[in-house]
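Novice: curious how this folds, go ahead:
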Amino acid sequence: MNIDFTGQQVWVTGAGKGIGYYTALAFHEAGATVTGFDLAFPLAGYPFATETLNVADAEQVSAVTQRLLSEAPRLDVLVNAAGILRMGVTDELALKDWQDTFAVNVGGAFNMFRATMKRFREQRTGAVITVASDAAHTPRTGMSAYGASKAALKSLALTVGLELAPFGVRCNLVSPGSTDTDMQRTLWTTPDAERNRIKGFPEQFKMGIPLGKIARPQEIASTIAFLASQHASHITLQDIVIDGGSTLGA
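Specialist: Now for the predicted structure:
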């Protein structure tokens, strides 16, 4: 399947590393003009344009996006991939961790939606893909902030999809399971951690992974690119769970 984004403008939040980086890279390699947003860009080099941005800061988001839209008025694809993980049993979780998780995971997408929806309506075309999580589908102990924020993000993204559908703009989500990123590796504290995740953690109500492997960020990125492409021209308001079967379709 040939996916070509030549001549299209694509924005990706959380593009400094992980799923966001590989998503921005996939669009770049498919010919798009890509702008990646993040708090930091720690890799040696980026083949796409980068903008340092705190998506949780509404004023900063407004200023940066208005400047970019004045320079290049068209926006074809927006990918909300910025996110953070704060772990802890609910009654032991620091209030700031709860607030920061929602500020980034939900508030960041909200700020990007507010900054771009008018432009999408005016164009009457475009695609938005938001990265949620399989944790939005199945609760896990110690992940109340992350799971709740991703569930709220799913509802927000679908509501925006309903609001933009009459204007020909498609809005979908992907919900990755365990994926080989820096965020995932913070949870791996022993040499056999990856194998154990594949087997599952019944005490945390985490199913194993039937496919027998951890996802690679490129696998998530390729699904995002498909959803943004004309091959998915009649797909909107969907949440594609990419977890190797660990949520059993929940």
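Novice: dump stretch 130-144 to CSV, keeping only the CA atoms.
Specialist: Provided in CSV are the C-alpha atoms of stretch 130-144 (Å, rounded to 0.1, in the frame of the first residue of the first chain):
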residue,chain,number,x,y,z
THR,A,130,-5.0,11.2,18.9
VAL,A,131,-2.8,8.7,20.8
ALA,A,132,-4.7,7.3,23.8
SER,A,133,-3.8,3.9,25.4
ASP,A,134,-5.1,0.5,26.1
ALA,A,135,-5.2,1.7,29.7
ALA,A,136,-8.2,3.7,28.7
HIS,A,137,-10.0,0.4,28.0
THR,A,138,-8.9,-1.7,31.0
PRO,A,139,-8.0,-0.4,34.5
ARG,A,140,-4.7,-1.5,36.1
THR,A,141,-3.7,-1.0,39.8
GLY,A,142,-1.2,1.8,40.2
MET,A,143,-2.3,3.5,37.0
SER,A,144,-5.3,5.6,38.1
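Novice: now the host helix or strand of Arg67: buried residues?
Specialist: With secondary structure defined by DSSP states H and E, Arg67 is part of helix 58-71. If you call a residue buried by 16 or more other CB atoms under 10 Å, then helix 58-71 has these buried ones: 58, 61, 64-65, 68-69. The C-beta positions use only the backbone N, C-alpha and C, and glycine is treated the same way.
Novice: poorly predicted segments of this protein, please.
Specialist: Scanning the chain with the threshold set as pLDDT under 70 gives 1, 179-207, 249-250.
Novice: any chance you could map the strands in it?
Specialist: Counting by DSSP state E, the chain has these strands, from start to end: 9-13, 33-38, 49-52, 77-80, 126-131, 169-176, 239-242.
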